[in-house]
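>>> Return atomic coordinates for the entry below.
(one chain, ligands or ions: 2)
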Amino acid sequence: MKTATVAALILFAGAVLLFADDEPPLTELLVKGDLVVVGKVGKNETIGAGNMPGLILKNTVEIDKCLKGKAAGKLSFSYVGYHPKLKIHHLEEGKKYILVLKKQPARAKVGYSLADGNYGALAATDAMIKKVKETLKSLPEKPKPQEPEKPKPKPVKPKDDKSATSKARRVAHFAVVSCGSTHGSPQHKKWYWGSNQRICKMLTENYGYPDEAIFRLHEEGKAKDPAVDGKSSLANFRKVFAHLAKIMKKDDHLFIYIVGHGGPLRRGQWDGDYVHDLIDARLTGTEFDKLLDALPSQNISIAMNPCHSGGFIPKISGKGRVVCTSTRGTQSNAAGWEGYFTNALAGKGQVDADGDGRVSMKEAYNASVDGTLKWYKNKKRPLGENPLLDDNGDGKGHYGKDKVVDGDGELAAKRFLGDEGRKLEYKASALRALKKLNRKLSLK
Ligand SMILES: [Ca+2]
Ligand SMILES: [Ca+2]
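Numbering: from 1, shown residues only. Ligands and ions are numbered 1, 2, ... in the order given. This is a model prediction of the structure:
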């Protein structure tokens, strides 16, 4: 590093902005940007946790001027805030910045992010704008001149562009996300709603599940949030599964995530039926199995967080079904299993053990084993919860991170959310078709 090339770290008005007196850092930054705009930013909104203690924030910019690329009006972008190591703070609402943005297809709902984790928002002073303009002029026309010219201006409809050919024509991946009755406990209300949001966010943001394909139930129904489809009642469970039985096809994948209270049907009877508490009645393992049996596909993955959820396995186990539970039938859940399992599926932490870039159900299960162990270790308590996995349909769940434990583990290692662990992409017509089918489902 040239000592003369000292980048000036400028702290101003709450945002830390890096720019250089010398060319390289500013040039590098501008090369990275697909868009360089000048404009006023709006309110910060947290959209996720980055590597702790970072936060992924969303903001919008009202574009005054576009210095690189083409954009007008308002656009949203994400960035990392509150990360002490990186010294990035929040952008200040109503302030004008020069923003260097790159396309962010991974966060489709945002579209752009600041072009560099460390910097990318510059002071919108006249001098800086001038400097950026000059530097942009000095940039080579194309960063990779050896690349042939893109045959870009094909007059295709902007909506159904080239990538549309790889988009699926039919929605084939569904999810049921339910948080049951809290029995009025304010603490549980908070926990369950947090879980509900985290799970749905993981499904949409990490795997591209469209809202239409997520049947989302919550104690308070739509009153809680318009994104909720209905109340977590047994009546709605039955309706949703009857609907899925009609719209699913052979080999479609269904992911079911249940958070809430649970236990043995009869107190102390650990080898009988188990129940999960819904707002109007209790869902028994026997009935849950019947609802699953009625589906045209047995490509089903189930995550159960309730206390004693392992007790469901003897009833709901089946060929093609991957069942992960927070505890054995005899155990209560306290260790926050849902968070470990969901975060693992969202790719957080070192969870991709085989390094294939995807998180299998087995890898998520293993992460939940680790998370639970850690929780008890931190509390200095003997391990009181054993998350179970059953994927060979023999009615028995097993505990442990080995590749296969008594026949369980093989199918879960090949089972992924989304398009084999990657983001789902659908043609607009596929979503329209599902929306139309969903009109037949009315939930209270
Ligand atoms: Ca993996
Ligand atoms: Ca088994």
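
>>> how about the helices of the chain, start to end?
For the chain, the helices defined by DSSP state H cover 23-32, 126-138, 186-201, 207, 234-247, 285-293, 313-316, 337-345, 361-379, 410-413, 428-438.

>>> Give me the distance from the longest one to the chain's centre.
Distance of helix 361-379 from its chain centroid, counting by C-alpha atoms, centre = their mean, to the nearest Å, is 19 Å.

>>> Report the contact partners of D406.
Residues in contact with D406, defined by C-beta atoms under 8 Å, 6 or more residues apart in numbering, are K396, H398. Where C-beta positions appear, they are placed from N, C-alpha and C, glycine not excepted.

>>> From H398, how far off is it?
Separation of D406 from H398 (C-beta to C-beta, to the nearest Å) stands at 5 Å.

>>> Could you do K440 as well?
Remark: distance between K440 and H398 (C-beta to C-beta) = 40 Å.

>>> cool, and M361?
Computed with C-beta to C-beta, the distance linking M361 and H398 is 14 Å.

>>> Neighbour count for those two, which is higher?
Remark: of M361 and H398, M361 carries more neighbours, 28 against 20, as counted by other C-beta atoms under 10 Å.

>>> correct me, but the more buried one touches N299?
No: using C-beta atoms under 8 Å, M361 is not in contact with N299, being 11.8 Å away.

>>> Give me whichever of the helices of the chain is most buried.
helix 337-345 (a mean of 25; mean count of other C-beta atoms under 10 Å).

>>> near ligand 2, which residues of this structure?
Counting by C-beta under 5 Å from the ion, the chain comes close to ligand 2 at D390, N392, D394, K396, D408.

>>> So what does the third one look like in phi/psi?
Okay, so that is D394. Dihedral angles of D394 (phi, psi; degrees, to the nearest 10) stand at phi -90, psi 10.

>>> Quick check, pLDDT for the residue of the stretch 101-250 of the chain found nearest ligand 2.
Ligand 2 sits closest to V176 of the stretch 101-250 of the chain, with a gap of 22.3 Å, by C-beta to the ion. V176 carries a pLDDT value of 98.

>>> Next: L9.
We have a pLDDT of 36 for L9.

>>> that older thread, so for ligand 1, which of the helices of the chain sits nearest?
Among the helices of the chain, helix 361-379 comes nearest to ligand 1, with 5.0 Å by C-beta to the ion.

>>> and that closest one, what does it pack onto?
Where contact means 3 or more C-beta pairs under 8 Å, 6 or more residues apart in numbering; DSSP states H and E, helix 361-379 is packed against strand 321-325, helix 337-345, helix 410-413.

>>> Mean pLDDT for the ones you listed - can I get that in a markdown table?
Output for those, formatted as a markdown table (pLDDT from 0 to 100):
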| stretch | mean pLDDT |
| --- | --- |
| strand 321-325 | 98 |
| helix 337-345 | 98 |
| helix 410-413 | 98 |
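
>>> Using CSV, lay out those together with distance to M248.
Output for these, formatted as CSV (distance: least, C-beta to C-beta, whole Å):
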stretch, distance to M248
strand 321-325, 14
helix 337-345, 21
helix 410-413, 19
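
>>> Which of those sits closest to D370?
Closest to D370 of those, according to C-beta to C-beta: helix 337-345, at 7.3 Å.

>>> quick one on the thing from earlier: please name whichever of the helices and strands packed on helix 361-379 is nearest to A213.
Nearest to A213, of all the helices and strands packed on helix 361-379, is helix 337-345, at 16.0 Å by C-beta to C-beta.

>>> Could you check how far that closest one is from the centre of its chain?
Relative to its chain's centre, helix 337-345 lies at 11 Å (C-alpha atoms, centre = their mean).

>>> Return the alpha-carbon coordinates of that helix using CSV.
Provided in CSV are the C-alpha atoms of helix 337-345 (Å, rounded to 0.1, in the frame of the first residue of the first chain):
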residue,chain,number,x,y,z
TRP,A,337,-34.6,-24.6,18.9
GLU,A,338,-36.6,-22.7,16.3
GLY,A,339,-34.0,-20.0,16.1
TYR,A,340,-31.2,-22.4,15.5
PHE,A,341,-33.0,-24.4,12.9
THR,A,342,-34.4,-21.4,11.0
ASN,A,343,-31.1,-19.5,11.1
ALA,A,344,-29.3,-22.5,9.8
LEU,A,345,-31.7,-22.8,6.9
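
>>> now for the top strand by length along the chain, which elements pack on it?
Ordering each strand of the chain by length in residues (DSSP state E) puts strand 55-68 first. The contact analysis (3+ C-beta pairs under 8 Å, 6+ apart) places strand 55-68 against strand 35-41, strand 45-49, strand 74-81, strand 96-104, helix 126-138.

>>> Adjacent strands (with direction) for that strand?
Strands that pair with strand 55-68, judged by DSSP bridges, come out as strand 35-41 (antiparallel), strand 45-49 (antiparallel), strand 74-81 (antiparallel).

>>> between the second one and helix 337-345, how many degrees?
Here strand 45-49 points in a direction 90 degrees away from that of helix 337-345 (axes from the mean of the first three to the mean of the last three C-alpha atoms, to 10 degrees).

>>> do the last one as well
Interaxial angle of strand 74-81 relative to helix 337-345 (the same axes, to 10 degrees): 110 degrees.

>>> per-residue pLDDT, T286?
pLDDT for T286: 98.

>>> Let me see the contact set for it.
Counting by C-beta under 8 Å, 6+ apart, T286 touches D273, K315.

>>> And for G272?
Here G272 is in contact with P264, L265, R266 (C-beta under 8 Å, 6+ apart).

>>> Quick check: the second one touching D273?
Which is L265. Yes: the pair L265 / D273 is scored as a contact, 4.3 Å apart, by C-beta under 8 Å.

>>> neighbour-wise, which of those two wins?
Using other C-beta under 10 Å, the more surrounded residue of L265 and D273 is D273, with 18 against 14.

>>> if I read this right, that one contacts I316, doesn't it?
No: counting by C-beta under 8 Å, D273 does not reach I316; the two are 10.9 Å apart.

>>> any residues in contact with both of those two?
Common contact partners of D273 and I316 (C-beta under 8 Å, 6+ apart): G285.
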